[in-house]
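> Task: produce atomic coordinates for the following.
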Amino acid sequence: MSTENACTFRGPLNMLLGLALLCGHSRCLAEQSVEVEPDRPNIVIIFIDDMGYADIGPFGAEGYPTPHLDRLAREGRKFTDFHSATAVCSASRAALLTGCYPERVGIQGALGPRATHGINANELTLAELCRSRGYATAIYGKWHLGHRRPFLPLQHGFDEYFGLPYSNDMWPFHPGVAHLPLAEKLKRWPNLPLYEGNEIVDAEVTGEDQAQLTTQYTERAVKFIDQNKDRPFFLYVPHTMVHVPLYVSEKFKGKSERGLFGDVVMEIDWSVGQILGALATHDLARRTLVVFTSDNGPWLSYGEHAGSAGPLREGKGTMFEGGYREPCLMRWPGRIPAGTTCDELATTMDLLPTIAHLIGASLPTDRILDGKDIRPLMLGTPDARSPHEVFYCYYGGQLRAIRDRRWKLHFPHQFRTLAGQPGGKGGIPVKYSQGKIGLELFDLMQDVGETTDVAGQHPEIVARLQQQAELARIDLGDRLTGRKGKNIRPAGQLPK
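Sure, this is the predicted structure:
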């Protein structure tokens with residue numbers, strides 16, 4: 001990866017840029033070659049659950065085709081250093097929808113059916129931001145920011161909601177309670193509900209029901225586009241899959257060489273194709289920004305039912321790159337240069353402020369936002385650099401690492417790992433062991449797999465990142481060092 005021009009144009013535009021460089025007008029041509037479409041684009045965010053960095057074709061997946069995601073990459077921009085804010089479900093979704101580190105908004109971990117807290121009503125969500133500009137808003141999929149009524153999507157900017165309130169393994173068939181009688185299972189994990197708006201429409205979701213979820217989310221997404229083709233809209237599709245337990249409809253069962261996991265990804269790819277097709281039907285492609293990414297990396301203990309982080313170290317539940325670096329594709333024909341790649345650091349937190357600028361919405365001035373405007377990266381501005389000086393790698397309130405565009409410094413902590421052992425089979429996970437890491441520095445440009453500690457060769461980099469980490473501890477706290485941040489906000493709580 002070039003440190004001089006990490007956001008690069010690749011594909012047919014190369015020839016145009018090459019001619020422009022000869023004429024000394026590269027910047028002018030780069031701008032003129034991308035047509036300007038009307039302001040206030042529609043927004044579509046497709047958010048996958050537990051998808052690894054290497055789980056789709058544009059990022060190296062093998063054993064199953066992903067033609068619609070391949071098309072999304074050809075017609076848009078691939079981001080190779082794009083991150084979820086952390087490596088677990090609820091926290092990463094809070095970050096996406098608020099533009100903040102999860103620690104700042106009080107949402108950590110994965111909220112379960114016993115939780116009595118959720119997203120605070122005082123937080124501005126991406127849906128509320130879009131609604132302030134007259135957008136129709138909808139979510140079809142997994143919410144996971146609180147299942148009590150005050151925390152559900154319709155109370156936080158969405159006009160429509162259909163989906164699960166939390167993860168699909170939070171039910172009586174969780175492998176951790178498989179040995180118990182049903183009565184005991186239900187004490188640990190109650191039946192899984194399906195919501196429409198604020199109401200439960202299926203109180204006992206079954207495996208057969210789960211097999212239809214990807215199709216149902218997709219059908220509703222297409223219908224929403226059909227119904228709102230003449231007004232701006234924000235469509236959020238946080239798929240239940242590829243989180244375990246894996247389920248797939250009959251139309252994709254047994255279709256891949258990768259087994260059930262590959263079948264499930266093929267159905268996700270089909271869903272993307274249906275959404276892109278609906279946009280094309282109504283001539284909305286050039287008026288719509290589509291973002292495809294994931295909430296965290298693969299749940300490696302599930303082995304053959306888990307994805308792959310490719311060259312990255314570890315997976316979900318860790319703040320090594322495999323835990324929170326995600327595949328990301330963005331398409332906006334005429335604005336985002338087609339067939340290009342950006343290698344600059346960006347995050348899901350950046351989507352809220354970026355979209356605010358794109359749709360002309362006002363950002364709040366009474367609170368801290370952590371996301372940055374990444375329009376230059378998204379739109380292919382020549383020589384654009386990441387707006388992030390550093391990125392704080394928090395997990396469960398612990399500042400486990402800090403990184404910039406090149407360097408990553410881990411602080412001493414324990415982490416879960418398979419330690420080179422294979423994962424589980426048939427949907428049954430194996431147990432993790434506990435690994436330990438000390439104060440270690442990695443050069444991500446040379447060693448994206450975080451294999452070689454170079455702290456001893458670069459004491460000045462270690463010292464700089466340690467100083468910046470101290471600012472994070474003051475601001476957001478750090479459970480590793482017993483610190484409480486001064487700029488954190490509470491989650492929403494049920495009245496006592």
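
> how does the chain divide into domains?
Domain ranges of the chain: 41-388, 392-493, per automatic domain parsing.

> end-to-end on the last one?
Taking C-alpha to C-alpha, to the nearest Å, the first and last residues of domain 392-493 lie 26 Å apart.

> what does stretch 149-162 give?
14 Å.

> Now do it: everything it contacts.
Outside stretch 149-162, the residues within contact range by C-beta atoms under 8 Å, 6 or more residues apart in numbering are 97, 117-119, 121, 123, 125-131, 136-140, 143, 145-146, 165, 194-198, 216-217, 220, 224, 236, 492, 494. Backbone N, C-alpha and C define where each C-beta goes, glycine included.

> Of those, keep whichever come out buried.
97, 117-119, 123, 125-131, 136-140, 143, 145-146, 165, 194-195, 216-217, 220, 224, 236, 492 (16 or more other C-beta atoms under 10 Å).

> so of those residues, which ones are in helices?
Members of the buried ones among the contacts of stretch 149-162 lying in helices (criterion: DSSP state H): 97, 126-131, 216-217, 220, 224.

> what's residue 458 in contact with, if anything?
407, 441.

> next one: the one 4 residues further on
Contacts here follow C-beta under 8 Å, 6+ apart; on that basis residue 462 touches 409, 439, 441, 455.

> Repeat that for residue 416.
Residue 416 neighbours (C-beta under 8 Å, 6+ apart): 317-318, 432-435.

> are any of those buried, and which?
Those of the contacts of residue 416 that meet the buried threshold are 317-318, 432, by 16+ other C-beta under 10 Å.

> Is it possible to get TSV of those that adds pLDDT?
Shown next, in TSV, are the buried ones among the contacts of residue 416 (pLDDT from 0 to 100):
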residue	pLDDT
317	98
318	98
432	98
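
> before we move on, back to that, can you redo the ones in helices among the buried ones among the contacts of stretch 149-162 as CSV with distance to residue 335?
Listed next are those as CSV, based on distance: C-beta to C-beta, whole Å:
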residue, distance to residue 335
97, 23
126, 19
127, 22
128, 24
129, 19
130, 18
131, 23
216, 31
217, 27
220, 27
224, 22
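
> With respect to residue 48, which of these is nearest?
Residue 48 has its nearest neighbour among those in residue 217, at 11.5 Å by C-beta to C-beta.

> Now do the closest residue to residue 124 other than its chain neighbours against residue 159, distance only.
Leaving aside its sequence neighbours, residue 124 sits nearest to residue 364 (C-beta to C-beta, 6 or more residues apart in numbering; 5.5 Å). Noted for residue 364: a distance of 21 Å to residue 159, by C-beta to C-beta, to the nearest Å.

> of these two, who's got more company?
When residue 364 and residue 159 are compared for neighbours, residue 159 comes out ahead with 18 against 13, by other C-beta atoms under 10 Å.

> Relative to residue 42, how far out is that one?
Distance check for residue 159 against residue 42: by C-beta to C-beta, it reads 14 Å.

> which residues of the stretch 301-450 of the chain fall in strands?
Per DSSP state E, counting those that start in this stretch, the stretch 301-450 of the chain carries strands over the ranges 325-331, 340-342, 346-347, 391-395, 398-403, 407-410, 413-417, 433-437, 440-443.

> Relative to residue 63, which of the ones you listed is closest?
Between the strands of the stretch 301-450 of the chain, strand 325-331 lies closest to residue 63; by C-beta to C-beta that is 15.9 Å.

> and that closest one, which residues are buried?
Buried positions in strand 325-331, judged by neighbour count with 16+ other C-beta under 10 Å: 325-331.

> circling back: let's have the buried ones among the contacts of residue 416 in CSV, adding distance to residue 84.
Below are the buried ones among the contacts of residue 416 laid out as CSV (distance: C-beta to C-beta, whole Å):
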residue, distance to residue 84
317, 12
318, 12
432, 20
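
> ok, the residue nearest to residue 229 when sequence neighbours are not counted - how many residues close by?
Leaving aside its sequence neighbours, residue 229 sits nearest to residue 282 (C-beta to C-beta, 6+ apart; 4.1 Å). As a burial measure, residue 282 scores 14 neighbours (other C-beta under 10 Å).

> One more: residue 456?
Around residue 456 there are 9 other residues, counting by other C-beta under 10 Å.

> and it, which of the three is it?
helix (DSSP: H, G, I helix; E, B strand; the rest coil).

> Can you name the residues that contact it?
Counting by C-beta under 8 Å, 6+ apart, residue 456 has no contacts.

> List the residue ranges of the stretch 151-300 of the chain that fall below the pLDDT cut-off.
Along the stretch 151-300 of the chain, no part satisfies pLDDT under 70.

> Check the stretch 1-150 of the chain too.
Applying pLDDT under 70 to the stretch 1-150 of the chain flags the ranges 1-38.

> residue boundaries of the helices in it?
13-23, 26-32, 67-75, 89-98, 102-105, 126-131 (DSSP state H, counting those that start in this stretch).

> Equivalent analysis for the stretch 151-300 of the chain, please.
Under DSSP H, counting those that start in this stretch, the stretch 151-300 of the chain gives helices at 182-188, 207-210, 213-227, 260-281.

> Just the buried residues of the shortest one, please?
Neighbour-count burial for helix 207-210 flags 209-210 (criterion: 16+ other C-beta under 10 Å).

> How far off centre is that helix?
How far helix 207-210 lies from its chain's middle: 24 Å, per C-alpha atoms, centre = their mean, to the nearest Å.

> tell me what it is packed against?
Contacting helix 207-210 under the criterion 3 or more C-beta pairs under 8 Å, 6 or more residues apart in numbering; DSSP states H and E is no other helix or strand.

> Convert the C-alpha atoms of it to PDB, please.
Extracted in PDB, the C-alpha atoms of helix 207-210 (Å, rounded to 0.1, in the frame of the first residue of the first chain):
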ATOM      1  CA  GLY A 207     -35.800 -22.500  12.800                       C
ATOM      2  CA  GLU A 208     -38.200 -22.700   9.900                       C
ATOM      3  CA  ASP A 209     -39.100 -19.000  10.500                       C
ATOM      4  CA  GLN A 210     -35.400 -18.000  10.600                       C
END
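
> Now tell me what touches stretch 219-233 from outside.
40-43, 130, 133-138, 140, 160, 162, 235, 237, 271, 274-275, 277-279, 282, 284, 359.

> So how do I select the buried members of these in PyMOL?
Selecting only the buried entries of the contacts of stretch 219-233 in PyMOL, with 16+ other C-beta under 10 Å as the criterion:
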select buried, resi 40+41+42+43+130+135+136+137+138+140+160+162+235+237+271+274+275+278+279+284+359
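
> Next one: residue 389 from residue 367, what distance?
Taking C-beta to C-beta, one finds residue 389 at 20 Å from residue 367.

> Can you pick out the residue with more neighbours from the two?
The neighbour comparison of residue 389 against residue 367 (other C-beta under 10 Å) goes to residue 367, with 16 against 10.

> leaving aside the residues next to it on the chain, what's closest to that one?
residue 489 (7.2 Å).

> contacting residues around that neighbour?
104-106, 120, 122-123, 367.

> repeat that with 10 Å
98, 100, 103-106, 120, 122-123, 367-368 (C-beta atoms under 10 Å, 6 or more residues apart in numbering).

> tell me the two of the residues you listed that are most distant?
103 and 122 (16.3 Å).

> For the two, work out which one has more neighbours and name it.
With neighbours defined as other C-beta under 10 Å, residue 103 and residue 122 compare such that residue 103 has more, 31 against 12.

> Go ahead and confirm the more buried one touches residue 477.
Yes. If you go by C-beta atoms under 10 Å, residue 103 and residue 477 touch, sitting 6.5 Å apart.

> any common contacting residues for those two?
394, 397-399, 485, 487-488.
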